[in-house]
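Colleague: quick one: sequence and predicted model below, then my questions.
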Amino acid sequence: MSMESVRNRLKNAYSTARESASFSTYLALRAMDESLNKTAPLLFELQRHALQELASTMRGQQSPFELWQDWSKRSVSAMRYSAMVRDIGGGAFGAARLAGEKELASDDIFRLVYLPAKEECAQGAALFHLGGVLPYGDPLFRFVPGTCFFERFTERGLSVYALELLPNPERLPLRSLGLEALVDRIEHFARVAFEHNRRRRMILEGYCGLGPQALVYLCARPEDAAAKFDTLALFVSPVDGRRCGVLAEMMARMPQGLIELSFALAKSAGLVGGDALRLTQDFALGALWAKSSMGMALQGWQRPELAELRAMGEAQAKVTKELAGAYWISAENARRFPVPLEIARFSARQFKEGVGEDGTLPASYRGEPLSLRALAERTDIEVFSFYGGEDRLVPQETAWPLQSLLGERYHHVVHQGLGHVGYILSPRVWQAGERKSLSPNPIELVLASKAAREETPKQDPAEGESEAEDRIRDED
(Lines give C-alpha, C1' and ligand atoms only; values in the text may rest on other atoms or scores of the structure.)
Protein backbone atom coordinates (compact mmCIF):
# COMPACT_ATOMS: atom_id res chain seq x y z
CA MET A 1 0.00 0.00 0.00
CA SER A 2 1.42 3.37 -1.03
CA MET A 3 2.07 6.18 1.42
CA GLU A 4 -0.49 8.31 -0.42
CA SER A 5 -3.15 5.65 0.08
CA VAL A 6 -2.28 5.39 3.78
CA ARG A 7 -2.49 9.17 4.18
CA ASN A 8 -5.92 9.25 2.48
CA ARG A 9 -7.24 6.49 4.74
CA LEU A 10 -5.97 8.23 7.84
CA LYS A 11 -7.46 11.50 6.62
CA ASN A 12 -10.86 9.85 6.00
CA ALA A 13 -10.75 8.14 9.39
CA TYR A 14 -9.95 11.43 11.12
CA SER A 15 -12.73 13.20 9.23
CA THR A 16 -15.24 10.49 10.17
CA ALA A 17 -14.18 10.57 13.82
CA ARG A 18 -14.47 14.36 13.93
CA GLU A 19 -17.93 14.30 12.32
CA SER A 20 -19.06 11.56 14.73
CA ALA A 21 -17.80 13.52 17.75
CA SER A 22 -19.55 16.66 16.51
CA PHE A 23 -22.79 14.75 15.92
CA SER A 24 -22.62 13.15 19.38
CA THR A 25 -22.22 16.60 20.93
CA TYR A 26 -25.19 17.84 18.90
CA LEU A 27 -27.36 14.94 20.10
CA ALA A 28 -26.34 15.54 23.70
CA LEU A 29 -27.25 19.22 23.43
CA ARG A 30 -30.60 18.36 21.85
CA ALA A 31 -31.33 15.91 24.67
CA MET A 32 -30.38 18.54 27.26
CA ASP A 33 -32.59 21.10 25.53
CA GLU A 34 -35.54 18.69 25.57
CA SER A 35 -34.96 17.97 29.24
CA LEU A 36 -34.72 21.63 30.25
CA ASN A 37 -37.42 23.07 28.02
CA LYS A 38 -40.01 20.31 27.94
CA THR A 39 -39.54 17.65 30.58
CA ALA A 40 -38.63 19.82 33.57
CA PRO A 41 -41.48 22.35 33.11
CA LEU A 42 -44.04 19.53 32.97
CA LEU A 43 -42.68 17.91 36.12
CA PHE A 44 -42.69 21.27 37.90
CA GLU A 45 -46.28 21.86 36.78
CA LEU A 46 -47.36 18.49 38.18
CA GLN A 47 -45.57 19.22 41.45
CA ARG A 48 -47.23 22.63 41.65
CA HIS A 49 -50.65 21.11 41.03
CA ALA A 50 -50.12 18.49 43.75
CA LEU A 51 -49.05 21.13 46.28
CA GLN A 52 -52.04 23.30 45.39
CA GLU A 53 -54.39 20.37 45.90
CA LEU A 54 -52.86 19.62 49.30
CA ALA A 55 -53.06 23.26 50.31
CA SER A 56 -56.68 23.41 49.18
CA THR A 57 -57.49 20.40 51.35
CA MET A 58 -55.71 21.86 54.35
CA ARG A 59 -57.70 25.10 53.97
CA GLY A 60 -60.92 23.11 53.94
CA GLN A 61 -61.80 23.97 50.34
CA GLN A 62 -62.14 20.27 49.59
CA SER A 63 -62.32 17.19 51.76
CA PRO A 64 -59.55 14.60 52.12
CA PHE A 65 -61.90 12.13 50.43
CA GLU A 66 -62.24 14.43 47.38
CA LEU A 67 -58.45 14.76 47.23
CA TRP A 68 -58.05 10.99 47.46
CA GLN A 69 -60.73 10.52 44.77
CA ASP A 70 -59.02 12.97 42.40
CA TRP A 71 -55.60 11.41 42.87
CA SER A 72 -57.04 7.92 42.50
CA LYS A 73 -58.57 8.84 39.15
CA ARG A 74 -55.33 10.45 38.02
CA SER A 75 -53.36 7.37 39.04
CA VAL A 76 -55.72 5.05 37.17
CA SER A 77 -55.62 7.27 34.09
CA ALA A 78 -51.80 7.41 34.24
CA MET A 79 -51.56 3.60 34.43
CA ARG A 80 -54.12 3.00 31.69
CA TYR A 81 -53.27 5.81 29.26
CA SER A 82 -50.87 3.78 27.09
CA ALA A 83 -53.42 0.96 26.84
CA MET A 84 -56.20 3.42 25.94
CA VAL A 85 -54.03 4.92 23.21
CA ARG A 86 -53.33 1.43 21.85
CA ASP A 87 -56.83 -0.02 22.11
CA ILE A 88 -59.20 2.93 21.67
CA GLY A 89 -56.93 5.19 19.64
CA GLY A 90 -55.56 2.34 17.55
CA GLY A 91 -59.06 1.02 16.92
CA ALA A 92 -60.28 4.39 15.66
CA PHE A 93 -57.16 5.41 13.70
CA GLY A 94 -57.72 5.12 9.95
CA ALA A 95 -61.31 3.88 10.34
CA ALA A 96 -63.16 6.63 8.42
CA ARG A 97 -65.22 5.40 5.48
CA LEU A 98 -67.41 7.38 3.08
CA ALA A 99 -70.72 6.39 1.54
CA GLY A 100 -70.48 4.78 -1.88
CA GLU A 101 -66.73 4.15 -1.94
CA LYS A 102 -65.53 1.08 -3.81
CA GLU A 103 -62.25 -0.55 -4.76
CA LEU A 104 -61.41 -0.28 -8.47
CA ALA A 105 -58.10 -2.13 -8.64
CA SER A 106 -55.33 -3.59 -6.50
CA ASP A 107 -52.02 -5.44 -6.63
CA ASP A 108 -49.82 -6.98 -3.95
CA ILE A 109 -49.08 -3.60 -2.28
CA PHE A 110 -51.63 -0.96 -3.32
CA ARG A 111 -55.34 -0.58 -3.84
CA LEU A 112 -57.20 2.14 -5.72
CA VAL A 113 -60.44 3.25 -4.03
CA TYR A 114 -63.08 5.42 -5.70
CA LEU A 115 -65.00 7.85 -3.48
CA PRO A 116 -67.82 9.53 -5.43
CA ALA A 117 -68.66 13.20 -5.07
CA LYS A 118 -71.84 14.13 -3.30
CA GLU A 119 -74.46 14.38 -6.03
CA GLU A 120 -75.95 17.68 -4.94
CA CYS A 121 -72.73 19.57 -5.65
CA ALA A 122 -70.99 17.51 -8.32
CA GLN A 123 -68.42 19.54 -10.26
CA GLY A 124 -67.29 16.92 -12.74
CA ALA A 125 -63.73 17.23 -11.44
CA ALA A 126 -61.69 14.48 -9.78
CA LEU A 127 -58.74 14.24 -7.42
CA PHE A 128 -56.14 11.47 -7.53
CA HIS A 129 -54.70 11.09 -4.03
CA LEU A 130 -51.19 9.64 -4.09
CA GLY A 131 -50.94 7.66 -0.87
CA GLY A 132 -48.77 4.76 0.16
CA VAL A 133 -45.25 5.03 1.52
CA LEU A 134 -45.44 7.49 4.40
CA PRO A 135 -43.86 7.17 7.87
CA TYR A 136 -46.57 6.56 10.48
CA GLY A 137 -48.86 5.48 7.64
CA ASP A 138 -51.35 6.81 5.13
CA PRO A 139 -54.39 5.79 7.27
CA LEU A 140 -53.88 9.33 8.60
CA PHE A 141 -56.02 10.57 5.69
CA ARG A 142 -58.90 8.44 7.06
CA PHE A 143 -58.03 9.68 10.54
CA VAL A 144 -61.16 8.72 12.54
CA PRO A 145 -64.84 8.29 11.67
CA GLY A 146 -66.13 11.77 10.92
CA THR A 147 -62.67 13.19 10.15
CA CYS A 148 -61.54 12.13 6.69
CA PHE A 149 -59.33 14.25 4.43
CA PHE A 150 -61.05 12.89 1.32
CA GLU A 151 -64.42 14.18 2.47
CA ARG A 152 -63.19 17.77 2.17
CA PHE A 153 -63.14 17.17 -1.60
CA THR A 154 -66.21 14.98 -2.07
CA GLU A 155 -68.38 17.47 -0.16
CA ARG A 156 -67.34 20.13 -2.69
CA GLY A 157 -68.18 18.03 -5.71
CA LEU A 158 -64.89 16.32 -6.52
CA SER A 159 -64.69 12.57 -6.88
CA VAL A 160 -61.60 11.10 -5.23
CA TYR A 161 -59.40 8.26 -6.43
CA ALA A 162 -57.33 7.25 -3.41
CA LEU A 163 -54.21 5.16 -3.95
CA GLU A 164 -53.53 3.48 -0.60
CA LEU A 165 -51.49 0.70 0.93
CA LEU A 166 -53.35 -2.54 1.48
CA PRO A 167 -54.20 -3.37 5.11
CA ASN A 168 -51.52 -4.94 7.35
CA PRO A 169 -48.57 -3.00 5.85
CA GLU A 170 -46.05 -4.93 7.96
CA ARG A 171 -46.91 -8.03 5.89
CA LEU A 172 -46.67 -6.42 2.45
CA PRO A 173 -43.71 -7.11 0.07
CA LEU A 174 -42.54 -3.50 0.39
CA ARG A 175 -38.88 -4.41 -0.07
CA SER A 176 -39.57 -4.78 -3.80
CA LEU A 177 -40.82 -1.21 -4.07
CA GLY A 178 -37.98 0.91 -5.41
CA LEU A 179 -38.50 4.29 -7.05
CA GLU A 180 -38.81 2.78 -10.53
CA ALA A 181 -41.41 0.26 -9.37
CA LEU A 182 -43.25 3.05 -7.56
CA VAL A 183 -43.36 5.21 -10.69
CA ASP A 184 -44.62 2.30 -12.79
CA ARG A 185 -47.36 1.48 -10.28
CA ILE A 186 -48.47 5.11 -10.06
CA GLU A 187 -48.66 5.18 -13.85
CA HIS A 188 -50.79 2.00 -13.85
CA PHE A 189 -53.25 3.09 -11.18
CA ALA A 190 -53.48 6.61 -12.59
CA ARG A 191 -54.50 5.07 -15.88
CA VAL A 192 -57.27 3.06 -14.19
CA ALA A 193 -58.56 6.26 -12.57
CA PHE A 194 -58.23 8.22 -15.84
CA GLU A 195 -60.32 5.67 -17.70
CA HIS A 196 -62.92 5.54 -14.92
CA ASN A 197 -63.09 9.34 -14.99
CA ARG A 198 -64.03 9.16 -18.68
CA ARG A 199 -60.55 10.30 -19.80
CA ARG A 200 -60.88 13.67 -18.17
CA ARG A 201 -57.69 15.07 -16.71
CA MET A 202 -57.53 15.05 -12.92
CA ILE A 203 -55.86 16.82 -10.01
CA LEU A 204 -52.85 14.94 -8.63
CA GLU A 205 -52.48 15.48 -4.85
CA GLY A 206 -49.59 14.66 -2.52
CA TYR A 207 -49.35 15.40 1.20
CA CYS A 208 -46.06 15.78 3.09
CA GLY A 209 -43.56 13.06 2.02
CA LEU A 210 -45.95 11.84 -0.67
CA GLY A 211 -45.45 15.12 -2.55
CA PRO A 212 -41.83 14.35 -3.52
CA GLN A 213 -42.92 10.90 -4.69
CA ALA A 214 -45.51 12.59 -6.91
CA LEU A 215 -42.75 14.84 -8.29
CA VAL A 216 -40.60 11.79 -9.07
CA TYR A 217 -43.46 10.31 -11.12
CA LEU A 218 -44.11 13.61 -12.92
CA CYS A 219 -40.44 14.03 -13.83
CA ALA A 220 -39.92 10.39 -14.79
CA ARG A 221 -43.06 10.15 -16.98
CA PRO A 222 -43.94 13.75 -17.93
CA GLU A 223 -45.92 12.96 -21.08
CA ASP A 224 -47.92 10.25 -19.37
CA ALA A 225 -48.62 12.57 -16.43
CA ALA A 226 -49.63 15.47 -18.68
CA ALA A 227 -52.18 13.25 -20.41
CA LYS A 228 -53.89 12.34 -17.15
CA PHE A 229 -53.41 15.42 -14.97
CA ASP A 230 -53.69 19.15 -15.50
CA THR A 231 -53.06 20.17 -11.88
CA LEU A 232 -50.73 19.20 -9.05
CA ALA A 233 -51.75 20.10 -5.49
CA LEU A 234 -49.05 19.71 -2.84
CA PHE A 235 -49.78 20.04 0.86
CA VAL A 236 -46.88 20.73 3.26
CA SER A 237 -44.47 18.87 0.97
CA PRO A 238 -40.68 19.06 1.52
CA VAL A 239 -39.55 19.76 -2.04
CA ASP A 240 -36.03 20.82 -1.03
CA GLY A 241 -35.48 19.15 2.32
CA ARG A 242 -32.47 21.36 3.15
CA ARG A 243 -34.92 24.15 3.98
CA CYS A 244 -36.78 22.09 6.58
CA GLY A 245 -35.43 23.56 9.82
CA VAL A 246 -34.52 21.22 12.68
CA LEU A 247 -35.09 18.06 10.63
CA ALA A 248 -32.74 19.29 7.90
CA GLU A 249 -30.22 20.32 10.56
CA MET A 250 -30.36 16.83 12.04
CA MET A 251 -29.67 15.23 8.67
CA ALA A 252 -26.96 17.73 7.75
CA ARG A 253 -25.05 17.01 10.96
CA MET A 254 -25.40 13.24 10.71
CA PRO A 255 -22.12 11.76 9.33
CA GLN A 256 -22.53 10.29 5.88
CA GLY A 257 -20.75 7.17 7.09
CA LEU A 258 -23.40 6.65 9.77
CA ILE A 259 -26.18 7.07 7.20
CA GLU A 260 -24.54 4.53 4.90
CA LEU A 261 -24.01 2.14 7.80
CA SER A 262 -27.71 2.27 8.70
CA PHE A 263 -28.64 1.56 5.08
CA ALA A 264 -26.12 -1.28 4.90
CA LEU A 265 -27.66 -2.86 8.01
CA ALA A 266 -31.11 -2.54 6.42
CA LYS A 267 -30.00 -3.99 3.06
CA SER A 268 -30.74 -7.64 3.88
CA ALA A 269 -34.32 -6.79 4.82
CA GLY A 270 -34.67 -4.24 2.01
CA LEU A 271 -36.53 -2.00 4.45
CA VAL A 272 -35.78 0.77 6.92
CA GLY A 273 -37.79 0.19 10.08
CA GLY A 274 -40.39 2.72 11.05
CA ASP A 275 -38.71 3.10 14.43
CA ALA A 276 -35.47 4.32 12.86
CA LEU A 277 -37.27 7.06 10.97
CA ARG A 278 -39.37 7.93 14.01
CA LEU A 279 -36.33 8.32 16.26
CA THR A 280 -34.65 10.69 13.81
CA GLN A 281 -37.73 12.87 13.63
CA ASP A 282 -38.52 12.70 17.35
CA PHE A 283 -34.97 13.60 18.30
CA ALA A 284 -35.04 16.60 15.98
CA LEU A 285 -38.38 17.79 17.34
CA GLY A 286 -37.67 16.98 20.98
CA ALA A 287 -40.52 14.48 21.20
CA LEU A 288 -38.68 11.45 22.57
CA TRP A 289 -39.59 11.92 26.21
CA ALA A 290 -43.29 12.57 25.56
CA LYS A 291 -43.56 9.15 23.88
CA SER A 292 -41.70 7.29 26.61
CA SER A 293 -43.57 5.24 29.22
CA MET A 294 -43.09 7.99 31.80
CA GLY A 295 -44.18 10.66 29.33
CA MET A 296 -47.34 8.73 28.46
CA ALA A 297 -48.11 8.17 32.14
CA LEU A 298 -47.81 11.88 32.89
CA GLN A 299 -50.13 12.69 30.01
CA GLY A 300 -52.66 10.31 31.55
CA TRP A 301 -52.18 11.86 35.02
CA GLN A 302 -53.31 15.19 33.58
CA ARG A 303 -56.56 13.61 32.33
CA PRO A 304 -58.42 12.19 35.37
CA GLU A 305 -61.68 12.12 33.39
CA LEU A 306 -60.25 9.22 31.34
CA ALA A 307 -60.06 6.93 34.37
CA GLU A 308 -63.53 5.49 33.81
CA LEU A 309 -63.21 5.17 30.04
CA ARG A 310 -63.41 1.49 29.11
CA ALA A 311 -64.21 1.11 25.42
CA MET A 312 -64.37 3.01 22.16
CA GLY A 313 -68.14 3.16 22.35
CA GLU A 314 -67.89 5.14 25.56
CA ALA A 315 -65.40 7.63 24.14
CA GLN A 316 -66.73 10.94 22.94
CA ALA A 317 -65.58 12.13 19.53
CA LYS A 318 -63.11 14.62 20.99
CA VAL A 319 -61.50 12.01 23.26
CA THR A 320 -61.38 9.48 20.43
CA LYS A 321 -59.56 11.98 18.21
CA GLU A 322 -57.09 12.73 20.98
CA LEU A 323 -56.30 9.05 21.57
CA ALA A 324 -56.14 8.33 17.83
CA GLY A 325 -53.71 11.21 17.41
CA ALA A 326 -51.53 9.85 20.20
CA TYR A 327 -51.61 6.41 18.57
CA TRP A 328 -50.73 7.82 15.14
CA ILE A 329 -47.43 9.28 16.40
CA SER A 330 -46.68 6.35 18.70
CA ALA A 331 -43.73 3.99 18.39
CA GLU A 332 -46.12 1.06 18.02
CA ASN A 333 -47.79 2.57 14.97
CA ALA A 334 -44.48 3.72 13.45
CA ARG A 335 -43.23 0.13 13.50
CA ARG A 336 -46.18 -0.93 11.34
CA PHE A 337 -44.95 1.19 8.43
CA PRO A 338 -41.41 0.35 7.32
CA VAL A 339 -40.06 2.26 4.32
CA PRO A 340 -38.51 0.52 1.28
CA LEU A 341 -34.75 1.01 1.31
CA GLU A 342 -34.51 2.87 -2.00
CA ILE A 343 -37.29 5.29 -1.06
CA ALA A 344 -35.62 5.86 2.32
CA ARG A 345 -32.37 6.67 0.51
CA PHE A 346 -34.20 9.15 -1.70
CA SER A 347 -35.74 10.78 1.35
CA ALA A 348 -32.36 11.05 3.10
CA ARG A 349 -30.82 12.64 0.00
CA GLN A 350 -33.69 15.12 -0.14
CA PHE A 351 -32.68 16.48 3.24
CA LYS A 352 -28.93 16.03 2.81
CA GLU A 353 -28.44 17.18 -0.81
CA GLY A 354 -31.71 18.87 -1.71
CA VAL A 355 -32.64 20.04 -5.21
CA GLY A 356 -29.98 21.42 -7.55
CA GLU A 357 -30.05 24.99 -8.82
CA ASP A 358 -31.07 23.59 -12.23
CA GLY A 359 -33.93 21.56 -10.71
CA THR A 360 -32.07 18.24 -10.50
CA LEU A 361 -33.69 15.84 -8.03
CA PRO A 362 -31.62 13.41 -5.93
CA ALA A 363 -33.15 10.51 -7.85
CA SER A 364 -33.04 8.70 -11.18
CA TYR A 365 -35.41 6.61 -13.27
CA ARG A 366 -34.09 3.75 -15.40
CA GLY A 367 -30.59 5.14 -15.20
CA GLU A 368 -31.55 8.70 -16.17
CA PRO A 369 -31.30 11.54 -13.64
CA LEU A 370 -34.55 13.32 -12.86
CA SER A 371 -35.12 17.05 -12.98
CA LEU A 372 -38.02 19.37 -12.24
CA ARG A 373 -37.32 20.84 -15.68
CA ALA A 374 -39.27 17.92 -17.12
CA LEU A 375 -42.32 19.13 -15.22
CA ALA A 376 -41.69 22.72 -16.32
CA GLU A 377 -40.82 22.11 -19.97
CA ARG A 378 -42.61 18.87 -20.97
CA THR A 379 -45.98 19.35 -19.30
CA ASP A 380 -48.59 22.10 -18.98
CA ILE A 381 -49.47 21.07 -15.41
CA GLU A 382 -50.41 23.89 -13.04
CA VAL A 383 -48.87 23.51 -9.57
CA PHE A 384 -50.28 24.65 -6.22
CA SER A 385 -48.35 24.37 -2.96
CA PHE A 386 -50.12 24.86 0.38
CA TYR A 387 -48.20 25.38 3.61
CA GLY A 388 -49.15 26.03 7.23
CA GLY A 389 -47.64 29.12 8.77
CA GLU A 390 -47.14 27.27 12.09
CA ASP A 391 -45.62 24.12 10.58
CA ARG A 392 -42.51 23.10 12.56
CA LEU A 393 -41.63 20.28 10.18
CA VAL A 394 -41.96 21.71 6.66
CA PRO A 395 -41.71 25.49 6.20
CA GLN A 396 -42.82 27.22 3.03
CA GLU A 397 -39.23 27.97 1.96
CA THR A 398 -38.80 24.36 0.87
CA ALA A 399 -40.82 25.06 -2.29
CA TRP A 400 -38.29 27.45 -3.83
CA PRO A 401 -37.33 25.12 -6.78
CA LEU A 402 -40.95 25.04 -8.01
CA GLN A 403 -41.28 28.80 -7.67
CA SER A 404 -38.06 29.29 -9.57
CA LEU A 405 -38.75 26.94 -12.48
CA LEU A 406 -42.50 27.18 -13.09
CA GLY A 407 -43.11 30.91 -13.05
CA GLU A 408 -46.79 31.79 -13.55
CA ARG A 409 -47.78 28.13 -13.52
CA TYR A 410 -46.85 27.96 -9.84
CA HIS A 411 -49.13 29.17 -7.02
CA HIS A 412 -47.74 29.47 -3.50
CA VAL A 413 -50.21 29.68 -0.60
CA VAL A 414 -49.44 29.95 3.12
CA HIS A 415 -52.26 29.61 5.65
CA GLN A 416 -51.26 31.35 8.85
CA GLY A 417 -52.07 29.64 12.13
CA LEU A 418 -52.07 26.15 10.60
CA GLY A 419 -49.67 23.35 11.54
CA HIS A 420 -48.36 20.35 9.65
CA VAL A 421 -51.51 18.21 9.78
CA GLY A 422 -54.06 20.99 10.23
CA TYR A 423 -55.46 20.42 6.73
CA ILE A 424 -56.35 16.86 7.78
CA LEU A 425 -57.25 17.11 11.46
CA SER A 426 -59.20 20.39 11.39
CA PRO A 427 -62.24 19.88 9.11
CA ARG A 428 -63.86 23.11 10.28
CA VAL A 429 -61.16 25.29 8.72
CA TRP A 430 -62.40 24.15 5.30
CA GLN A 431 -65.89 25.55 5.98
CA ALA A 432 -66.71 29.08 4.86
CA GLY A 433 -67.70 31.39 7.67
CA GLU A 434 -65.66 29.65 10.36
CA ARG A 435 -63.43 31.91 12.43
CA LYS A 436 -60.24 30.24 11.21
CA SER A 437 -61.44 29.17 7.76
CA LEU A 438 -58.80 28.77 5.07
CA SER A 439 -58.38 31.85 2.92
CA PRO A 440 -58.04 31.26 0.08
CA ASN A 441 -59.74 27.88 0.18
CA PRO A 442 -57.46 25.37 -1.63
CA ILE A 443 -60.30 23.58 -3.41
CA GLU A 444 -61.95 26.75 -4.64
CA LEU A 445 -58.58 28.07 -5.81
CA VAL A 446 -57.76 24.91 -7.77
CA LEU A 447 -61.24 24.61 -9.29
CA ALA A 448 -61.22 28.26 -10.38
CA SER A 449 -57.87 27.73 -12.08
CA LYS A 450 -59.11 24.58 -13.84
CA ALA A 451 -62.24 26.36 -15.04
CA ALA A 452 -60.25 29.28 -16.39
CA ARG A 453 -57.88 26.99 -18.26
CA GLU A 454 -60.72 24.94 -19.76
CA GLU A 455 -62.32 28.13 -21.07
CA THR A 456 -59.07 29.13 -22.82
CA PRO A 457 -59.03 27.84 -26.43
CA LYS A 458 -56.20 25.43 -27.20
CA GLN A 459 -53.72 26.61 -29.84
CA ASP A 460 -53.87 23.47 -31.97
CA PRO A 461 -57.20 21.75 -31.34
CA ALA A 462 -56.99 19.78 -34.57
CA GLU A 463 -53.88 17.94 -33.46
CA GLY A 464 -55.89 15.74 -31.10
CA GLU A 465 -54.54 14.26 -27.95
CA SER A 466 -51.04 13.88 -26.63
CA GLU A 467 -48.82 10.95 -27.41
CA ALA A 468 -49.52 9.42 -24.02
CA GLU A 469 -53.31 9.59 -24.53
CA ASP A 470 -52.91 7.98 -27.96
CA ARG A 471 -50.89 5.17 -26.40
CA ILE A 472 -53.55 4.65 -23.74
CA ARG A 473 -56.24 4.40 -26.41
CA ASP A 474 -54.16 2.02 -28.54
CA GLU A 475 -53.65 -0.33 -25.61
CA ASP A 476 -57.41 -0.67 -25.20
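Modeller: Yes, it's here. No experiment lies behind these values; they were computed from the predicted model shown. Numbers count the residues shown, from 1 in each chain.
Colleague: only C-alpha atoms for contact and neighbour calcs from this point on.
Modeller: Noted.
Colleague: what sits up against stretch 375-390?
Modeller: Here stretch 375-390 makes contact (CA atoms under 8 Å, 6 or more residues apart in numbering) with 218-219, 222-223, 225-226, 229-237, 394-396, 399, 405-406, 409-420, 422, 442, 446.
Colleague: now stretch 182-200
Modeller: Among residues not part of stretch 182-200, those counted as contacts by CA under 8 Å, 6+ apart are 104-105, 112, 126, 128, 130, 161, 163, 201-202, 216-217, 220-221, 224-225, 228, 472.
Colleague: what residues does residue 425 make contact with?
Modeller: For residue 425, the contacting residues are 143, 147, 149, by CA under 8 Å, 6+ apart.
Colleague: is it true that the first one touches residue 94?
Modeller: Going back to what we said before, that points to residue 143. Yes. Contact between residue 143 and residue 94 holds when scored by CA atoms under 8 Å: they sit 4.6 Å apart.
Colleague: and the pLDDT for residue 11?
Modeller: For residue 11, the model assigns a pLDDT of 61.
Colleague: oh, I was asking about residue 308
Modeller: 82.
Colleague: which SS state does it fall under?
Modeller: Judged by DSSP: H, G, I helix; E, B strand; the rest coil, the three-state class of residue 308 is coil.
Colleague: re earlier: as CSV, the contacts of residue 425 with distance to residue 188 and neighbour count would be great.
Modeller: Output for the contacts of residue 425, formatted as CSV (distance: CA to CA, whole Å; neighbours: other CA atoms under 10 Å):
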residue, distance to residue 188, neighbour count
143, 27, 23
147, 29, 23
149, 24, 19
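Colleague: which residue ranges form the helices in the stretch 51-200 of the chain?
Modeller: Under the criterion DSSP state H, counting those that start in this stretch, the stretch 51-200 of the chain contains helices at 64-84, 90-92, 151-154, 179-196.
Colleague: give the contact list for residue 202.
Modeller: Residue 202 makes contact with 125, 126, 127, 128, 194, 228, 229, 230, 231, according to CA under 8 Å, 6+ apart.
Colleague: any idea which of the helices of the stretch 51-200 of the chain gets closest to residue 286?
Modeller: If you check each of those against residue 286 by CA to CA, helix 64-84 wins as the nearest, at 19.6 Å.
Colleague: which helices and strands does the closest one pack with?
Modeller: In terms of contacts (3 or more CA pairs under 8 Å, 6 or more residues apart in numbering; DSSP states H and E), helix 64-84 is packed against helix 40-58, helix 293-301.
Colleague: how about 6 Å then?
Modeller: Applying 3 or more CA pairs under 6 Å, 6 or more residues apart in numbering; DSSP states H and E, we find helix 64-84 packed against helix 293-301.
Colleague: nearest residue to the middle of the chain?
Modeller: For the chain, residue 208 is the residue whose C-alpha lies nearest the centre (CA atoms, centre = their mean; 3.9 Å).
Colleague: you'd agree residue 234 is in a helix?
Modeller: No. Going by three-state DSSP, the assignment for residue 234 is strand, not a helix.
Colleague: quick check, it in contact with residue 206.
Modeller: Yes. Applying CA atoms under 6 Å as the test, residue 234 and residue 206 come out as touching, 5.1 Å apart.
Colleague: write the ChimeraX selection for whichever of the contacts of residue 202 are buried.
Modeller: To isolate the buried members of these in ChimeraX, using 16 or more other CA atoms under 10 Å:
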select :125,126,127,128,194,228,229,230,231
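Colleague: strands - which of the contacts of residue 202 land there?
Modeller: Per DSSP state E, strands hold the following members of the contacts of residue 202: 125, 126, 127, 128, 229, 230, 231.
Colleague: from those, which is closest to residue 258?
Modeller: Among these, and counting by CA to CA, the member closest to residue 258 is residue 128, at 37.3 Å.
Colleague: okay, the closest one: pLDDT?
Modeller: Residue 128 is assigned 98 on the pLDDT scale.
Colleague: surely it touches residue 159?
Modeller: No. Counting by CA under 6 Å, residue 128 stays clear of residue 159, with 8.6 Å between them.
Colleague: would you map the strands across the stretch 151-300 of the chain?
Modeller: Remark: strands assigned in the stretch 151-300 of the chain by DSSP state E, counting those that start in this stretch are 158-165, 202-207, 229-235, 271-272.
Colleague: those: lowest mean pLDDT?
Modeller: Among these, strand 271-272 scores lowest, at a mean of 90.
Colleague: pairing partners for that strand, with directions?
Modeller: Applying DSSP bridges, strand 271-272 is found paired with strand 339-340 (antiparallel).
Colleague: which neighbouring elements make contact with the helix or strand following the strand it pairs with?
Modeller: The C-terminal neighbour of strand 339-340 among helices and strands, as given by DSSP states H and E, is helix 341-352. Helices and strands touching helix 341-352, by 3+ CA pairs under 6 Å, 6+ apart, are helix 245-253.
Colleague: what comes up buried for the helix it packs on?
Modeller: With burial defined by 16+ other CA under 10 Å, the residues of helix 245-253 counted as buried are 245, 246, 247, 248, 249, 250, 251, 252, 253.
Colleague: give me the contact list for it.
Modeller: Defining contact as CA atoms under 6 Å, 6 or more residues apart in numbering, one finds that helix 245-253 is touched by 23, 242, 284, 351, 352.
Colleague: related to what we said a few turns ago, I'd like the contacts of residue 425 laid out as a markdown table, including pLDDT and distance to residue 318.
Modeller: Converted to a markdown table, the contacts of residue 425 look like this (pLDDT from 0 to 100; distance: CA to CA, whole Å):
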| residue | pLDDT | distance to residue 318 |
| --- | --- | --- |
| 143 | 97 | 13 |
| 147 | 95 | 11 |
| 149 | 98 | 17 |
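Colleague: can you pull out the low-pLDDT segments for the stretch 101-250 of the chain?
Modeller: For the stretch 101-250 of the chain, the stretches flagged by pLDDT under 70 are 123.
Colleague: before we move on, the earlier item: pull the most distant pair out of the contacts of residue 202.
Modeller: Spanning the widest gap among the contacts of residue 202 are 194 and 231, at 13.6 Å by CA to CA.
Colleague: quick one: closest of the helices of the stretch 51-200 of the chain to residue 324.
Modeller: helix 90-92 (6.0 Å).
Colleague: run through who's touching the closest one.
Modeller: So helix 90-92 is contacted by 144, 327 (CA under 6 Å, 6+ apart).
Colleague: and it, how far out from the chain middle?
Modeller: Chain-centre distance of helix 90-92: 19 Å, with CA atoms, centre = their mean, to the nearest Å.
Colleague: tell me the mean pLDDT over that helix?
Modeller: Across helix 90-92, pLDDT averages out at 94.
Colleague: numbering from 356 from now on, please.
Modeller: Done: numbering now begins at 356, and the last item shifts to helix 445-447.
Colleague: still on that earlier bit, between residue 589 and residue 561, which has more neighbouring residues?
Modeller: It is residue 589, of residue 589 and residue 561, that has more neighbours when counted by other CA atoms under 10 Å, with 26 against 23.
Colleague: for residue 780, see how far away the more buried one is.
Modeller: 17 Å (CA to CA, to the nearest Å).
Colleague: what of residue 673?
Modeller: Taking CA to CA as the measure, residue 673 falls 11 Å from residue 780.
Colleague: how about residue 642?
Modeller: 20 Å.
Colleague: same thing with residue 737?
Modeller: Applying CA to CA, the value for residue 737 to residue 780 is 26 Å.
Colleague: next one: residue 597
Modeller: 26 Å.
Colleague: residue 638 too?
Modeller: Note on residue 638: its distance to residue 780, by CA to CA, is 24 Å.
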